[in-house]
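Enquirer: Everything below, folded, please.
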Amino acid sequence: MECKKPPRITFTNLSGVPGLFHGVFTRRGGVSAPPYESLNVGWNGDAPEAVRENLERVKAAAGVERLVASKQVHGDVLGFIDEESMRSLEERSPTLLAPPADALATNLSGLGLLIKIADCQSILLADPESRIIANIHSGWRGSVLNIAGKTVKRLERFGLDPSRTLAAVSPSLGPCCAEFINFEREIPEEFWPFRVGPHHFDFWAITRSQLLGAGLLEEHIECAARCTVCEKSEYFSYRGEHETGRMASVIGWKRP
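Expert: Alright, predicted model coming up:
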């Protein structure tokens with residue numbers, strides 16, 4: 001039997017925040033069979049009992065009481081989880097489901113904000129002073145909508161200070177593999193300076209630019225710079241495999 005504490009990617013900046021758990025789990029350490037092998041947390045296609053066990057392993061590794069997820073729709077909606085909204089979340093053990101959103105945020109302890117990825121970015125945010133944390137799902141459509149920058153600005157009204165906020169960008173589609181043959185129709189012209197080839201784009205650089213534009217400091221942004229397509233043996237990749245699983249990215253405050 002595989003270890004019940006599956007491996008994950010962590011970031012130096014977030015690792016220095018007391019009481020904060022974070023991690024981007026790889027595809028290893030779960031129970032799902034191919035093509036979802038093995039730590040798949042996406043419900044589509046896989047055996048439900050395998051997904052539940054994988055989520056339980058993620059929750060145990062995170063050391064949180066509940067995982068909160070939502071249906072991701074490649075939009076720019078933020079769901080802020082507070083005491084009041086907690087009462088309306090849907091039970092889907094071992095997770096609680098928020099209304100559809102591609103960014104989740106909270107300042108509550110004991111919750112792990114869960115984003116599911118397979119080439120898209122998970123962008124983790126933490127302001128240690130206000131204790132506001134967020135997990136953002138950003139594929140190329142999310143980048144076009146500037147969900148990263150919008151989330152930062154929306155969280156300011158809850159007390160987040162962009163100049164204090166730390167950010168980390170998960171393994172995701174790299175500039176080596178982010179090919180958009182029809183980019184003139186799909187990608188707005190303002191993003192064309194981020195082309196690194198005739199049809200390739202650097203979405204890691206786009207995210208960094210959007211976070212800087214929202215007020216984050218350069219030294220507070222950390223990027224894994226790992227391409228999920230190139231490393232599909234370690235990470236789930238929709239572009240690399242099409243029929244595949246989804247990785248879990250989690251951030252949460254542990255209870256004292």
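Enquirer: where do the helices sit along the protein?
Expert: 12-15, 48-62, 83-86, 140-144, 147-155, 183-186, 203-213, 238-241 (DSSP state H).
Enquirer: Redo those as a markdown table? Include mean pLDDT and distance to Ile123.
Expert: The way it works is simple: take the backbone N, C-alpha and C, and place the C-beta from them, glycine included. Supplementary listing: these in a markdown table, determined by pLDDT from 0 to 100; distance: least, Cβ to Cβ, whole Å:
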| stretch | mean pLDDT | distance to Ile123 |
| --- | --- | --- |
| helix 12-15 | 98 | 12 |
| helix 48-62 | 97 | 18 |
| helix 83-86 | 94 | 21 |
| helix 140-144 | 97 | 9 |
| helix 147-155 | 98 | 5 |
| helix 183-186 | 94 | 21 |
| helix 203-213 | 98 | 6 |
| helix 238-241 | 96 | 18 |
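Enquirer: where are the low-confidence patches of the stretch 1-150 of the chain?
Expert: The model of the stretch 1-150 of the chain has pLDDT under 70 over residues 1-4.
Enquirer: of the helices of the chain, which approaches Ile221 most closely?
Expert: helix 203-213 (5.6 Å; Cβ to Cβ).
Enquirer: same for the closest one, what does it pack against?
Expert: When contacts are defined as 3 or more Cβ pairs under 8 Å, 6 or more residues apart in numbering; DSSP states H and E, helix 203-213 packs onto strand 121-127, helix 140-144, helix 147-155, strand 166-169, strand 221-223.
Enquirer: would you list the ones you listed in CSV and tack on distance to Leu104 and mean neighbour count?
Expert: Shown next, in CSV, are the helices and strands packed on helix 203-213 (distance: least, Cβ to Cβ, whole Å; neighbours: other Cβ atoms under 10 Å):
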stretch, distance to Leu104, mean neighbour count
strand 121-127, 11, 27
helix 140-144, 13, 20
helix 147-155, 9, 23
strand 166-169, 15, 25
strand 221-223, 20, 18
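Enquirer: His199: which of the ones you listed is closest?
Expert: helix 140-144 (12.6 Å).
Enquirer: From the chain's centroid, how far away is the closest one?
Expert: On the basis of Cα atoms, centre = their mean, to the nearest Å, helix 140-144 sits 14 Å off its chain's mean C-alpha point.
Enquirer: and Leu41, what does it touch?
Expert: That one is not Leu; residue 41 is Val. Contact partners of Val41, counting by Cβ atoms under 8 Å, 6 or more residues apart in numbering, are 25, 51, 54-55, 58, 114, 116, 245-248.
Enquirer: and the two most separated of those?
Expert: The most widely separated members of those are Leu114 and Gly245, with 14.1 Å between them, by Cβ to Cβ.
Enquirer: who's more crowded, these two?
Expert: Gly245 (30 against 27; other Cβ atoms under 10 Å).
Enquirer: With adjacent residues omitted, what lies nearest to the more buried one?
Expert: Across the structure, with Cβ to Cβ, 6 or more residues apart in numbering as the measure, the residue nearest Gly245 apart from its sequence neighbours is Asn40 (2.9 Å).
Enquirer: The one you found contacts Asp46, doesn't it?
Expert: Yes: in this structure, Asn40 is within contact of Asp46 by Cβ atoms under 8 Å, at 5.2 Å.
Enquirer: Next, show the common contact partners of the two.
Expert: Applying Cβ under 8 Å, 6+ apart, one finds that Asn40 and Asp46 are jointly contacted by 32, 245.
Enquirer: more crowded one of those two?
Expert: Asn40 (29 against 21).
Enquirer: Good, wrapping up.
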